[in-house]
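K.L.:
Have a look; sequence and predicted model below, questions after that.
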Amino acid sequence: MTDIDELFGAFDEAPATQTPDERGAARKRSRSEDDGAERAPPQPRPAVRVTDPVKEDERGRNVTSFAAYPADYAAPAPRPPRPAARTWPFELDGFQRRAVACIDKTESVLVSAHTSAGKTVCAEYAIATALRDGQRVVYTSPIKALSNQKFRDLQEIFSDVGLMTGDITINPQASCLVMTTEILRSMLYRGSELVREVKWVAARRPSVRLSTQLAGPSSQVVYDEIHYMRDRERGVVWEESIILLPHTVRFVFLSATIPNAREFAAWICQTHRQACHVVYTDYRPTPLVHYVFASGGEGLHLVVDEAGAFREANFETAMACLGGGATAPDADDAGKRRRRPSGRQAETDLKRIVGVVRQQQWQPAIVFAFSKAQCERNAVALKDEPSFNAPDEADVVEKVYASALEALSDDDKALPQVTTLLPLLKRGIGIHHGGLLPIVKEVVEILFQEGFLKLLFATETFAIGINMPARTVVFTETRKFDGAPPRASQRSGAFRLARPRRRRISVASKGRLL
């Protein structure tokens, strides 16, 4: 049997033919040749010294830290003590205190911890530090949905916050700007004046003119969800931005799934000739249990318990049940024949799983599928099932939805996705994928956060960083076709990213994955 640890790999894609440095250098050479400029001689990569990991245990919560330093590293001059830029009504965990100390020293840091462990504290402290020092802050994220959520969250903490995505722009002159990574990269390419005073950013790549503007006092960059660098299509955006930002920039990287932290820190150190600290903890505030539902079978099989122990006997029992029910042939990436549920059987299985969720009161739940069409089919399949919402909740949903749609044109209001979604929303069932209108996606996100949606059908992009408290996550498929040989969701990173999204602090005593 395949080692269960292989299910949780994150950075396992095939390596690119060029290193990030080589790709960045090639682009710079191309631009110089186009402009008729003389090419500068390549600079040697500096030697890097990586310290031994220091492991500590505080209240049963282990913390591991180490750092990568250039060979010629000189510690920054000590500064007079200053009050903390931000405080919280709770005691910080060990990894949070270490990350905050790095930020206070204006040195780069990578923070790796399970979702719900409190990485956001580090980002908030970085933002507060920049605002205290009178510099602008840019917080970027991989997707628009996460940008929208961060905008709402930061508005509750800091007064002057703006939002810039491909769909909407709000208060673009704000001291703290939230935007998607591509938007910031576009601004940096143009050498926008907007980021002249930026201290904290989640960005990618500046032009020469912007680099000159940022070459003064140390600016800082906050990269949320840095593991998105592994994305086949968009990962290069992350690489370019990191490579081409000025050496004076300091970074804060946040991730829940970055197993090669040592190599990453050394790369940052070589690329920008600066220290890069790594702070890691594997403490999980909310226990996570894994179940398997065998198609055509009955009930759930517990395969990973709250202590993280793998129940092999239960797993074998679940696998033995997979032979039952109506099936259709399919082939995996190894060329071997396997069986998958037919459409009718899949719908029956979905209703059984939803029935268990309802009976055990495990909602709110997120059901992930790997296509927009499948999300919609799954949701529509439940349109005749009992409603999750009480009549008064349905009335609130209808009013919120109608208010949001006032901004749409008459033609947009008549779109099938707009007209067919309301009956589902009133029943406590939502749909979220990239094919929906931006305003519709935002309404779905808000309704789910506020507890008016008990069951949400979404694609894997919903798992990237969005803080949507849920008690249960369901994967209806384990393989995804993306143009390459079909890959397991666990290997794509969606599995690992989606698992924690259903559980946040104070949401539930434990999370469940089906």
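P.N.:
Cool, got the structure. Quick caveat: nothing in here was measured; it's all calculated off a predicted structure.
K.L.:
and stretch 363-378, which residues are buried?
P.N.:
Buried residues in stretch 363-378, counted by 16 or more other CB atoms under 10 Å: 363-370, 372, 374-378. Quick note: C-beta positions are derived from backbone N, CA and C, even for glycine.
K.L.:
Among those, which ones are in helices?
P.N.:
Under the assignment DSSP state H, the buried residues of stretch 363-378 contribute 372, 374-378 to helices.
K.L.:
Among the residues you listed, find me the one that's closest to Leu437.
P.N.:
Using CB to CB, Lys372 comes nearest to Leu437 of these, at 13.0 Å.
K.L.:
gap between that closest one and Gly435?
P.N.:
5 Å (CB to CB, to the nearest Å).
K.L.:
what's the overlap in contacts for those two?
P.N.:
Common neighbours of Lys372 and Gly435 are not found (criterion: CB atoms under 8 Å, 6 or more residues apart in numbering).
K.L.:
Packing partners of the host helix or strand of Val440?
P.N.:
Using DSSP states H and E, Val440 maps to helix 438-449. For helix 438-449, the packing partners by 3 or more CB pairs under 8 Å, 6 or more residues apart in numbering; DSSP states H and E come out as helix 144-155, helix 391-405, helix 421-426, strand 429-432.
K.L.:
Just want the angle from it to helix 144-155.
P.N.:
60 degrees (axes from the mean of the first three to the mean of the last three CA atoms, to 10 degrees).
K.L.:
So Arg98 lies in a helix, does it not?
P.N.:
Yes: the assignment for Arg98 is a helix, going by DSSP: H, G, I helix; E, B strand; the rest coil.
K.L.:
Roughly how far does it sit from Leu244?
P.N.:
Relative to Leu244, and taking CB to CB, Arg98 is found at 29 Å.
K.L.:
and the longest strand seen in the chain, C-alpha only, in PDB?
P.N.:
Secondary structure of the chain per DSSP state E: the longest strand is strand 61-70. The C-alpha coordinates for strand 61-70 follow below in PDB (Å, rounded to 0.1, in the frame of the first residue of the first chain):
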ATOM      1  CA  ARG A  61       3.600  23.400  21.200                       C
ATOM      2  CA  ASN A  62       6.900  22.800  19.500                       C
ATOM      3  CA  VAL A  63       8.700  25.600  17.600                       C
ATOM      4  CA  THR A  64      11.600  25.200  15.200                       C
ATOM      5  CA  SER A  65      13.600  28.100  13.900                       C
ATOM      6  CA  PHE A  66      16.800  28.600  11.900                       C
ATOM      7  CA  ALA A  67      18.100  31.200   9.500                       C
ATOM      8  CA  ALA A  68      20.100  31.600   6.300                       C
ATOM      9  CA  TYR A  69      22.800  34.300   6.200                       C
ATOM     10  CA  PRO A  70      25.100  35.600   3.500                       C
END
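K.L.:
Who are the packing partners of the helix or strand that the helix holding Val440 is followed by?
P.N.:
Downstream of helix 438-449, the first helix or strand assigned by DSSP H and E is strand 455-458. Where contact means 3+ CB pairs under 8 Å, 6+ apart, strand 455-458 is packed against strand 365-368, helix 372-380, strand 429-432.
K.L.:
which strands and helices sit next to the second one?
P.N.:
Read that as helix 372-380. Using 3+ CB pairs under 8 Å, 6+ apart: helix 372-380 touches strand 429-432, strand 455-458.
K.L.:
try 10 Å this time
P.N.:
helix 343-360, strand 365-368, helix 421-426, strand 429-432, strand 455-458 (3 or more CB pairs under 10 Å, 6 or more residues apart in numbering; DSSP states H and E).
K.L.:
do the last one as well
P.N.:
Counting contacts by 3+ CB pairs under 10 Å, 6+ apart, strand 429-432 packs against strand 365-368, helix 372-380, helix 421-426, helix 438-449, strand 455-458.
K.L.:
what are the ranges of the strands in the stretch 51-200 of the chain?
P.N.:
Taking DSSP state E, counting those that start in this stretch, the strands of the stretch 51-200 of the chain run over residues 54-58, 61-70, 108-112, 136-141, 161-164, 169-170, 176-180, 198-200.
K.L.:
list the buried ones in the longest one?
P.N.:
Taking 16+ other CB under 10 Å as the basis for neighbour counts, the residues of strand 61-70 that come out buried are 61, 63-70.
K.L.:
Determine which two of these are furthest apart.
P.N.:
Largest pairwise distance in the buried residues of strand 61-70, by CB to CB, is 31.3 Å, between Arg61 and Pro70.
K.L.:
pLDDT at the nearest residue to Pro287 once chain neighbours are set aside, what is it?
P.N.:
Distance criterion CB to CB, 6 or more residues apart in numbering; nearest residue to Pro287, sequence neighbours excluded, is Glu306 at 3.9 Å. Note on Glu306: pLDDT of 81.
K.L.:
Return the distance of Glu306 relative to Asp93.
P.N.:
20 Å.
K.L.:
Where does pLDDT dip in the stretch 101-250 of the chain?
P.N.:
191-220 (pLDDT under 70).
K.L.:
next one: stretch 377-394 to chain centre, how far?
P.N.:
28 Å (CA atoms, centre = their mean, to the nearest Å).
K.L.:
Over to stretch 156-169?
P.N.:
Centre to centre, stretch against its chain (CA atoms, centre = their mean), the figure for stretch 156-169 is 18 Å.
K.L.:
try stretch 49-61
P.N.:
25 Å.
K.L.:
how about that stretch: buried residues?
P.N.:
50, 61.
K.L.:
Okay, helices next: where are they in the stretch 201-350 of the chain?
P.N.:
208-213, 235-244, 261-272, 312-320, 343-360 (DSSP state H, counting those that start in this stretch).
K.L.:
I'd like these laid out as a markdown table, including distance to Phe251 and mean neighbour count.
P.N.:
Shown next, in a markdown table, are the helices of the stretch 201-350 of the chain (distance: least, CB to CB, whole Å; neighbours: other CB atoms under 10 Å):
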| stretch | distance to Phe251 | mean neighbour count |
| --- | --- | --- |
| helix 208-213 | 15 | 17 |
| helix 235-244 | 8 | 22 |
| helix 261-272 | 7 | 20 |
| helix 312-320 | 41 | 14 |
| helix 343-360 | 40 | 16 |
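K.L.:
closest to Phe462 out of those?
P.N.:
If we rank these by CB to CB, the stretch that ends up nearest is helix 343-360, at 17.5 Å.
K.L.:
Who are the packing partners of that closest one?
P.N.:
Counting by 3+ CB pairs under 10 Å, 6+ apart, helix 343-360 packs on strand 327-331, strand 337-341, strand 365-368, helix 372-380, strand 455-458, strand 472-475, strand 511-513.
K.L.:
mean pLDDT for those: which is lowest?
P.N.:
Minimum mean pLDDT among these: strand 327-331, a mean of 42.
K.L.:
could the helices of the stretch 201-350 of the chain be laid out in TSV, adding distance to Asp224?
P.N.:
Shown next, in TSV, are the helices of the stretch 201-350 of the chain (distance: least, CB to CB, whole Å):
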stretch	distance to Asp224
helix 208-213	21
helix 235-244	11
helix 261-272	15
helix 312-320	34
helix 343-360	30
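K.L.:
Good, wrapping up.
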